[in-house]
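Visitor: Quick one: sequence and predicted model below, then my questions.
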Amino acid sequence: MTVLRNLPSQLILAHAPWVLGGGVIVCIVACAAAGLALLAQGEVAGLITVAAGAGVPLGIFALAIKRDQVIFDASAGTVTVQRRTLLAYKSRTYPLDVVRRAEVEEFSDTARATLTFHDTTPPYPLVEAYVSGNGPRQAADTINDWMRSYRRISG
(Lines give C-alpha, C1' and ligand atoms only; values in the text may rest on other atoms or scores of the structure.)
Protein backbone atom coordinates (compact mmCIF):
# COMPACT_ATOMS: atom_id res chain seq x y z
CA MET A 1 0.00 0.00 0.00
CA THR A 2 1.11 3.52 -0.72
CA VAL A 3 0.86 6.27 1.87
CA LEU A 4 -1.21 9.11 0.42
CA ARG A 5 -1.42 11.21 3.58
CA ASN A 6 0.31 10.86 6.93
CA LEU A 7 -0.75 13.60 9.33
CA PRO A 8 -1.45 13.38 13.06
CA SER A 9 -5.15 13.86 12.28
CA GLN A 10 -5.37 11.45 9.35
CA LEU A 11 -3.54 8.54 7.73
CA ILE A 12 -4.58 7.39 4.25
CA LEU A 13 -3.10 4.37 2.48
CA ALA A 14 -4.12 3.11 -0.94
CA HIS A 15 -3.46 0.15 -3.21
CA ALA A 16 -4.28 0.13 -6.90
CA PRO A 17 -2.94 -2.57 -9.24
CA TRP A 18 -1.95 -0.15 -12.01
CA VAL A 19 0.37 -2.55 -13.84
CA LEU A 20 -2.15 -5.40 -13.92
CA GLY A 21 -5.02 -3.06 -14.80
CA GLY A 22 -2.96 -1.40 -17.51
CA GLY A 23 -2.02 -4.77 -18.98
CA VAL A 24 -5.68 -5.84 -19.12
CA ILE A 25 -6.63 -2.55 -20.80
CA VAL A 26 -3.90 -3.04 -23.43
CA CYS A 27 -5.30 -6.53 -24.09
CA ILE A 28 -8.83 -5.13 -24.45
CA VAL A 29 -7.73 -2.43 -26.91
CA ALA A 30 -5.56 -4.81 -28.94
CA CYS A 31 -8.29 -7.44 -29.27
CA ALA A 32 -10.94 -4.84 -30.09
CA ALA A 33 -8.68 -3.27 -32.76
CA ALA A 34 -7.90 -6.66 -34.31
CA GLY A 35 -11.58 -7.59 -34.36
CA LEU A 36 -12.62 -4.27 -35.87
CA ALA A 37 -9.92 -4.63 -38.55
CA LEU A 38 -11.32 -8.06 -39.43
CA LEU A 39 -14.86 -6.68 -39.52
CA ALA A 40 -13.72 -3.86 -41.83
CA GLN A 41 -12.40 -6.55 -44.21
CA GLY A 42 -15.78 -8.29 -44.14
CA GLU A 43 -14.69 -11.18 -41.91
CA VAL A 44 -17.38 -12.45 -39.53
CA ALA A 45 -14.63 -13.77 -37.26
CA GLY A 46 -13.96 -10.14 -36.33
CA LEU A 47 -17.20 -10.09 -34.36
CA ILE A 48 -16.08 -13.11 -32.34
CA THR A 49 -12.68 -11.52 -31.79
CA VAL A 50 -14.25 -8.33 -30.47
CA ALA A 51 -16.80 -10.16 -28.29
CA ALA A 52 -14.50 -12.77 -26.78
CA GLY A 53 -11.09 -11.14 -27.13
CA ALA A 54 -12.15 -7.82 -25.64
CA GLY A 55 -15.24 -8.92 -23.69
CA VAL A 56 -13.52 -11.48 -21.47
CA PRO A 57 -10.68 -9.15 -20.39
CA LEU A 58 -13.24 -6.37 -19.85
CA GLY A 59 -15.20 -8.68 -17.54
CA ILE A 60 -12.02 -9.55 -15.66
CA PHE A 61 -11.16 -5.87 -15.35
CA ALA A 62 -14.65 -4.99 -14.09
CA LEU A 63 -14.75 -7.74 -11.47
CA ALA A 64 -11.17 -8.43 -10.41
CA ILE A 65 -9.25 -5.15 -10.51
CA LYS A 66 -9.79 -3.74 -7.02
CA ARG A 67 -8.66 -0.41 -5.65
CA ASP A 68 -8.34 -0.39 -1.89
CA GLN A 69 -8.11 2.60 0.43
CA VAL A 70 -7.73 2.73 4.21
CA ILE A 71 -8.52 5.95 6.08
CA PHE A 72 -7.54 6.41 9.74
CA ASP A 73 -9.37 9.52 10.96
CA ALA A 74 -8.40 10.82 14.40
CA SER A 75 -11.14 13.47 14.56
CA ALA A 76 -13.90 10.95 13.80
CA GLY A 77 -12.17 8.20 15.79
CA THR A 78 -12.63 5.70 12.97
CA VAL A 79 -10.78 3.58 10.46
CA THR A 80 -12.52 2.96 7.15
CA VAL A 81 -11.50 0.31 4.63
CA GLN A 82 -12.91 0.90 1.14
CA ARG A 83 -12.83 -1.53 -1.79
CA ARG A 84 -13.87 -0.42 -5.23
CA THR A 85 -14.15 -2.26 -8.54
CA LEU A 86 -15.66 -0.94 -11.75
CA LEU A 87 -19.02 -2.40 -10.69
CA ALA A 88 -19.00 -2.51 -6.89
CA TYR A 89 -18.11 -0.50 -3.80
CA LYS A 90 -17.69 -1.93 -0.30
CA SER A 91 -16.83 -0.06 2.86
CA ARG A 92 -16.20 -1.14 6.46
CA THR A 93 -15.77 1.30 9.32
CA TYR A 94 -14.43 0.44 12.77
CA PRO A 95 -13.91 2.63 15.84
CA LEU A 96 -10.20 3.28 16.42
CA ASP A 97 -10.69 2.21 20.05
CA VAL A 98 -11.25 -1.43 19.01
CA VAL A 99 -8.27 -1.59 16.64
CA ARG A 100 -5.32 -3.21 18.41
CA ARG A 101 -2.67 -2.97 15.68
CA ALA A 102 -1.74 -3.84 12.11
CA GLU A 103 -0.03 -7.15 11.45
CA VAL A 104 1.35 -8.94 8.42
CA GLU A 105 -0.33 -12.15 7.28
CA GLU A 106 2.02 -14.29 5.24
CA PHE A 107 1.27 -16.94 2.63
CA SER A 108 4.24 -18.64 0.99
CA ASP A 109 6.49 -15.82 -0.33
CA THR A 110 3.69 -13.23 -0.27
CA ALA A 111 1.96 -11.22 2.42
CA ARG A 112 -0.73 -8.64 3.18
CA ALA A 113 -1.37 -6.21 6.01
CA THR A 114 -4.31 -6.87 8.32
CA LEU A 115 -5.98 -5.03 11.18
CA THR A 116 -6.33 -6.88 14.46
CA PHE A 117 -8.81 -5.95 17.16
CA HIS A 118 -9.11 -5.96 20.94
CA ASP A 119 -12.39 -7.90 20.81
CA THR A 120 -13.22 -11.19 19.07
CA THR A 121 -13.47 -9.63 15.60
CA PRO A 122 -11.27 -11.67 13.24
CA PRO A 123 -8.32 -9.90 11.56
CA TYR A 124 -9.45 -7.79 8.61
CA PRO A 125 -7.21 -7.67 5.50
CA LEU A 126 -6.50 -4.20 4.16
CA VAL A 127 -6.11 -5.68 0.67
CA GLU A 128 -7.59 -8.96 -0.48
CA ALA A 129 -4.56 -9.95 -2.58
CA TYR A 130 -1.27 -11.19 -1.20
CA VAL A 131 1.74 -9.40 -2.69
CA SER A 132 5.48 -9.94 -2.66
CA GLY A 133 8.02 -7.44 -1.42
CA ASN A 134 8.21 -5.20 1.65
CA GLY A 135 4.97 -3.28 0.98
CA PRO A 136 2.78 -5.12 3.52
CA ARG A 137 5.42 -4.77 6.27
CA GLN A 138 5.92 -1.06 5.52
CA ALA A 139 2.14 -0.48 5.55
CA ALA A 140 1.77 -2.27 8.90
CA ASP A 141 4.70 -0.32 10.39
CA THR A 142 3.25 2.99 9.18
CA ILE A 143 -0.16 2.13 10.64
CA ASN A 144 1.30 1.04 13.97
CA ASP A 145 3.42 4.22 14.21
CA TRP A 146 0.35 6.35 13.48
CA MET A 147 -1.76 4.41 16.01
CA ARG A 148 0.90 4.94 18.71
CA SER A 149 0.88 8.68 18.03
CA TYR A 150 -2.91 8.76 17.99
CA ARG A 151 -3.12 6.99 21.36
CA ARG A 152 -0.55 9.35 22.91
CA ILE A 153 -2.45 12.42 21.70
CA SER A 154 -5.95 11.14 22.53
CA GLY A 155 -4.81 10.09 25.95
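Guide: Thanks, I have the structure now.
Visitor: okay, the residue lying farthest from the centre of the chain: pLDDT?
Guide: Note on the chain: the largest C-alpha distance from the chain mean falls to Gly42, namely 42.3 Å (C-alpha atoms, centre = their mean). Among the per-residue scores, Gly42 holds a pLDDT of 89.
Visitor: residues contacting Tyr124?
Guide: Contact partners of Tyr124, counting by C-beta atoms under 8 Å, 6 or more residues apart in numbering, are 81, 92, 94, 114-115, 117. In this view, the C-beta of every residue, glycine as well, is placed from N, C-alpha and C.
Visitor: which of those residues has the most neighbours?
Guide: Ranked by the number of neighbours (other C-beta atoms under 10 Å), the contacts of Tyr124 place Leu115 first, at 24 neighbours.
Visitor: Phi, psi for the residue farthest from the centre of the chain please.
Guide: When read as degrees, to the nearest 10, the backbone of Gly42 gives phi 90, psi 10.
Visitor: want to throw the contacts of Tyr124 into a markdown table with secondary structure and pLDDT?
Guide: Putting these into a markdown table (DSSP: H, G, I helix; E, B strand; the rest coil; pLDDT from 0 to 100) gives the following:
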| residue | secondary structure | pLDDT |
| --- | --- | --- |
| Val81 | strand | 96 |
| Arg92 | strand | 94 |
| Tyr94 | strand | 95 |
| Thr114 | strand | 96 |
| Leu115 | strand | 97 |
| Phe117 | strand | 96 |
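Visitor: quick one on the thing from earlier: the residue farthest from the centre of the chain and Ala34: what is the separation?
Guide: Distance check for Gly42 against Ala34: by C-beta to C-beta, to the nearest Å, it reads 15 Å.
Visitor: got it, and Leu86?
Guide: Counting by C-beta to C-beta, the gap from Leu86 to Ala34 is 23 Å.
Visitor: Report the contact partners of the residue nearest the centre of the chain.
Guide: For the chain, the residue sitting closest to the mean C-alpha position, by C-alpha atoms, centre = their mean, is Asp68 at 2.9 Å. Applying C-beta under 8 Å, 6+ apart to Asp68 gives the contacts 1, 14-16, 81-84, 126-128.
Visitor: ok, 7 Å please
Guide: Contact criterion C-beta atoms under 7 Å, 6 or more residues apart in numbering gives 14-15, 82-83, 126-127 as the residues in contact with Asp68.
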